[in-house]
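**Student:** here is my input, please return the structure:
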Amino acid sequence: MKAVILSVIKFIFTFSQSQLSMQMEIAALRHQLLVYQRKDKRPKIKPTDRILWSWISKFWSGWNDALYFVKPATVIAWRRKKFKEHWTKLCRSGKSGRPATDPEIVRLIRNMSKTNPFWGSPRIRDELRKIGIKLSKSTIEKYMVKHRKPPSPTWRAFFDNHVRDLVSVDFFVVPTFRNTVLFAFLVLAHDRRHVIHFNVTKHPTAKWTAQQIVEAFPWDTAPRYLLRDRDRIYGQVFQDRVENMGIEEVKIAPRSPWPSPYVERLIGSIRRECLDHVIVLNERHLKRTLTDYFSYYHRYRTHLSLDSDCPESRPVQTKEMGKVIAFPEVGGFHHHYERRKAA
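**Tutor:** Predicted coordinates:
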C-alpha cells in the first residue's frame, strides 16, 4: 500500500512538473515570436526581455533548449550584470559598512600629522589613545597628511634578556655653528627607555666619562650590566671605575651597532626629531636643547615597546574630560595633546 501511494504521488509530481515545463516552453516560444514581430529590421532586446529570460532561467531547467534569438551565454551574462547592479546599489545606499569617522577626529588626525611631520601612524594612534580616541592604524593612515619625504627607517631588534638590569652608554657628535664638534654622552635604561644621565663636552676623556657614570648612579643605584661599544674613550680609568661600582661591562662586536639597538635608536630619534632641525651655537645651547627634548621624551613621547606608553607613564584621558588641546613641545617641533575642560 505504501509503495502504491508513493508511486501515485511521484506520478502526480512528475505530471505537474511536465505540465509546468510545457507551459514555460510555450511562454518562451511565444515571447520570442513577439520579439521577431516587432517592426525593427533586427530584433531589439529590451530590458523587460532580459528580466523575463533571467527569471525563466532561474525557475526552468530546460530554458536553453527553447532559446533561439540569443545565445544562452548572453542570458547568463544578463543575470551576472543584474547581480552586480543589485549589490552596487546596496553598497551605495550607505546602510552597510563601517560607520563614518567623526569629522572632528579627522581634522585632529590631519592636524597631528601636519604639525608633527616626523610622526607615523603608530605614534598618532598612541597619542589618540591617550586622549580616549581608539582608531585602527589603517584608518589613521587614510586621513594623514602625506609628506613628500618618507619617514626614516627604524631599528626593530630588541634585547629581552636582563632588560631590568641593563643600561647602555654611547657618544654621538654634534657640529656647531662655528664648525667645531661637540660630544654628547648618554646613559639609557632599557626597562622604560629612560635617559638616566647625559652631558656634553668638547674634549671627552676616559676620566671625564668615568665621572659621568658616577653621577648617573649615585649610592647603590648602579645596574648589573653596562652595554657599550669598543671605543678607546672607555679607557682603563673608566673600566676600573665601573668595576669598583660592581657593574659588569658587556662589549659589543667591533663596528656592529646592532647589538646595542636601544641607545642607537635613541640617538637616531634625537637627530631626526630635534638636532637635524636646529643650528647648535655652543655647548650651553646644546645642553638646553637636549634638556627640552628629554623633558618631552620622558613625559609625552609614546613607544611601541612600552605598549604605547611613555617612559614616565601617562594616563589615558576619556572624552568626558573635555576638549582636545595641543601643547607645543621642543620649540614647536612636536606637540602633545590633552583634554581640558572649558574655563
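**Student:** make it CA atoms for all contacts and neighbour counts henceforth
**Tutor:** OK.
**Student:** distance check, Leu275 against Leu281.
**Tutor:** According to Cα to Cα, to the nearest Å, Leu275 and Leu281 sit 12 Å apart.
**Student:** try Gln212
**Tutor:** According to Cα to Cα, Gln212 stands 23 Å off from Leu281.
**Student:** what about those two, which has more around it?
**Tutor:** Gln212 (18 against 14; other Cα atoms under 10 Å).
**Student:** can you tell me the SS state at the more buried one?
**Tutor:** Following DSSP: H, G, I helix; E, B strand; the rest coil, we place Gln212 in the helix state.
**Student:** how close does it get to His285?
**Tutor:** From Gln212 to His285 the distance is 20 Å (Cα to Cα).
**Student:** could you do Ala216 as well?
**Tutor:** 22 Å.
**Student:** with Tyr143 instead?
**Tutor:** Tyr143 is 37 Å from His285, by Cα to Cα.
**Student:** of those two, give the one with the bigger neighbour count.
**Tutor:** A count of neighbours by other Cα under 10 Å puts Tyr143 above the other of Tyr143 and His285, at 18 against 13.
**Student:** so what's that one up against?
**Tutor:** 106, 109-110 (Cα atoms under 8 Å, 6 or more residues apart in numbering).
**Student:** tell me the pLDDT of it.
**Tutor:** Looking at Tyr143, its pLDDT stands at 89.
**Student:** likewise Ser96?
**Tutor:** The model's pLDDT for Ser96 equals 56.
**Student:** swap in Ile76?
**Tutor:** Confidence score, pLDDT, at Ile76: 65.
**Student:** which parts of the helix or strand that contains Ser295 are buried?
**Tutor:** In the assignment (DSSP states H and E), Ser295 maps to helix 283-299. Buried residues in helix 283-299, counted by 16 or more other Cα atoms under 10 Å: 283, 286-287, 289-290, 293-294, 296-298.
**Student:** which secondary structure elements does whatever helix or strand comes next after that helix contact?
**Tutor:** Later in the chain than helix 283-299, the nearest helix or strand by DSSP H and E is strand 323-329. Contacts defined by 3 or more Cα pairs under 8 Å, 6 or more residues apart in numbering; DSSP states H and E place strand 323-329 against helix 283-299, strand 334-340.
**Student:** let's see that with 7 Å instead.
**Tutor:** strand 334-340 (3 or more Cα pairs under 7 Å, 6 or more residues apart in numbering; DSSP states H and E).
**Student:** got the CA positions of the strand it packs on in CSV?
**Tutor:** Extracted C-alpha coordinates of strand 334-340, given in CSV (Å, rounded to 0.1, in the frame of the first residue of the first chain):
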residue,chain,number,x,y,z
HIS,A,334,56.4,68.3,18.4
HIS,A,335,53.1,68.6,20.3
HIS,A,336,51.3,66.6,23.0
TYR,A,337,47.6,66.5,23.3
GLU,A,338,45.4,66.7,26.4
ARG,A,339,41.8,67.1,27.2
ARG,A,340,40.9,70.2,29.2
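**Student:** residues touching it, excluding its own?
**Tutor:** Residues outside strand 334-340 that contact it (Cα atoms under 7 Å, 6 or more residues apart in numbering): 116, 131, 300, 317, 321-329.
**Student:** in TSV, list those residues along with distance to Leu166.
**Tutor:** Formatted as TSV, the contacts of strand 334-340 follow (distance: Cα to Cα, whole Å):
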residue	distance to Leu166
Asn116	32
Ile131	32
Tyr300	23
Gln317	32
Met321	38
Gly322	40
Lys323	40
Val324	38
Ile325	37
Ala326	35
Phe327	33
Pro328	33
Glu329	29
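**Student:** pick the one among those residues closest to Pro257.
**Tutor:** Distance to Pro257 across the contacts of strand 334-340 (Cα to Cα) is lowest for Tyr300, with 27.0 Å.
**Student:** I figured the closest one hits Cys310, correct?
**Tutor:** Yes - contact status for Tyr300 versus Cys310: in contact at 5.9 Å, counting by Cα atoms under 7 Å.
**Student:** domain ranges for this protein, per the record?
**Tutor:** Domain assignment for the chain by automatic domain parsing gives 2-92, 103-149+315-340, 163-306.
**Student:** got a pLDDT number for the spatially closest residue to Val181 that is not a sequence neighbour?
**Tutor:** Of all residues not flanking Val181 in the chain, Pro175 sits nearest, at 4.6 Å (Cα to Cα, 6 or more residues apart in numbering). On the pLDDT scale, Pro175 is placed at 94.
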